[in-house]
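*Asks:* this one's sequence-less:
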Ligand SMILES: C[S@@+](CC[C@H](N)C(=O)[O-])C[C@H]1O[C@@H](n2cnc3c(N)ncnc32)[C@H](O)[C@@H]1O
């Protein structure tokens, strides 16, 4: 435990990208001060990072991961959420470790990401995101919806909902734990100079699900800065840590360009040159982030399956 920890308040760390070792820097952060932690460590797959190796023995790798996982659990508020992103091989160990630490398992989110065929194995086609909370009941959770799947050509909604399309929700279906609508940034021209940059909509979704404006979001292995960018855009406070000066500089340059707004929707912001690609209507998430409001649906409008129906709704405060 850090000698001067008592002097530290969380304000000393927020809205900064700190260049340093993850575990050592985490040790300086006060107990129970962070709302949501997201960590996407190197997967021990021999990738080339600017200032760290990615080829440890299994024992060394797990020992290293547990060193920052334990600190992440410590800094989480009692109402806090922890997300760990990795390949299933490592997540099963992480889950076991977190269960032993009496954290509460909520979900294994499967994020579809097609790998390369490796021979006599199943073709790996998802990353996992372990979703744990510190408290079984007192955690923040906001229901999000994603658009109903539509035919790309005729724009008709594909699912029949058992013949009950009339009852479908105009904002889309409830989010499941299998995510197939967010995509890896594969093209080298669309990514920053970093071997493993996640798409911002992935982080935006996780943060919208578990945080409110001004909440503190921490990523101790922040890489090209995706978590911090999503947090800033959504009006959350961020703390990023990385041991590479190069990635810290890159993240700070991108952060300087980000304006605080409610949501970026599903617009992929590929890199600091501003290359973007819209995968779904960019206003979608702005309109479809359901918080304390109920939606009053004009059922007659649901007969019309055109995209425009998504914007024809009225928000009313939920009666508590
Ligand atoms: C998989 S990348 C994170 C990518 C990030 N999620 C993004 O979207 O850009 C992991 C990061 O951990 C950093 N890293 C590795 N070992 C570290 C350590 N001991 N302390 C701090 N950072 C470290 C690497 O520099 C790398 O940027």
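*Replies:* Looks like it arrived, so ask away. This one's a predicted model, so the numbers in the text were calculated from it and none came from an experiment.

*Asks:* which strand is the longest one in this structure?
*Replies:* If each strand of the chain is counted by residues according to DSSP state E, the longest one is strand 76-86.

*Asks:* partner strands of it, with direction?
*Replies:* In the sheet, strand 76-86 lines up against strand 34-39 (parallel), strand 126-133 (antiparallel) (DSSP bridges).

*Asks:* how about the residues of the stretch 51-200 of the chain near the ligand?
*Replies:* Within the stretch 51-200 of the chain, the residues that sit near the ligand (C-beta under 6 Å from any ligand atom) are 51, 52, 194, 196, 197, 198. Any C-beta I mention is one placed from the backbone N, CA and C, and that applies to glycine too.

*Asks:* which of those sits closest to residue 23?
*Replies:* Nearest to residue 23, judged by C-beta to C-beta, of those is residue 52 at 12.4 Å.

*Asks:* how about the nearest residue to the closest one, chain neighbours excluded?
*Replies:* residue 243 (6.0 Å; C-beta to C-beta, 6 or more residues apart in numbering).

*Asks:* tell me the contacts of the one you found?
*Replies:* Residues counted as contacts of residue 243 (C-beta atoms under 8 Å, 6 or more residues apart in numbering) are 19, 20, 21, 22, 51, 52.

*Asks:* got the contact list for the second one?
*Replies:* Contacts for residue 20 (C-beta under 8 Å, 6+ apart) come out as 241, 243.

*Asks:* just to revisit the earlier point, from the ligand, how far out is the residue nearest to residue 52?
*Replies:* The spacing between residue 243 and the ligand, counted by C-beta to the nearest ligand atom, to the nearest Å, is 4 Å.

*Asks:* so that it lines up with my notes, have the first residue be 50 from now on.
*Replies:* Sounds good: first residue 50 from here, last item residue 292.

*Asks:* so where's the protein shaky on pLDDT?
*Replies:* In the predicted model of the chain, residues 50-56, 196-197, 199-206, 209-210, 212-220, 238, 311-369 satisfy pLDDT under 70.

*Asks:* got the residues of the stretch 250-369 of the chain near the ligand?
*Replies:* By C-beta under 6 Å from any ligand atom, the part of the stretch 250-369 of the chain that sits against the ligand consists of 270, 272, 273, 275, 290, 291, 292, 293, 296.

*Asks:* closest to the ligand out of those residues?
*Replies:* The ligand lies nearest to residue 272 out of these, by C-beta to the nearest ligand atom, at 2.5 Å.

*Asks:* tell me the phi and psi of the closest one?
*Replies:* Torsion angles at residue 272 (phi, psi; degrees, to the nearest 10) stand at phi 60, psi -130.

*Asks:* do you know how far it is from residue 179?
*Replies:* Between residue 272 and residue 179 the distance, using C-beta to C-beta, to the nearest Å, works out to 18 Å.

*Asks:* and these two? which has more neighbours close in?
*Replies:* Of the pair residue 272 and residue 179, residue 272 is the one with more neighbours under other C-beta atoms under 10 Å, namely 26 against 22.
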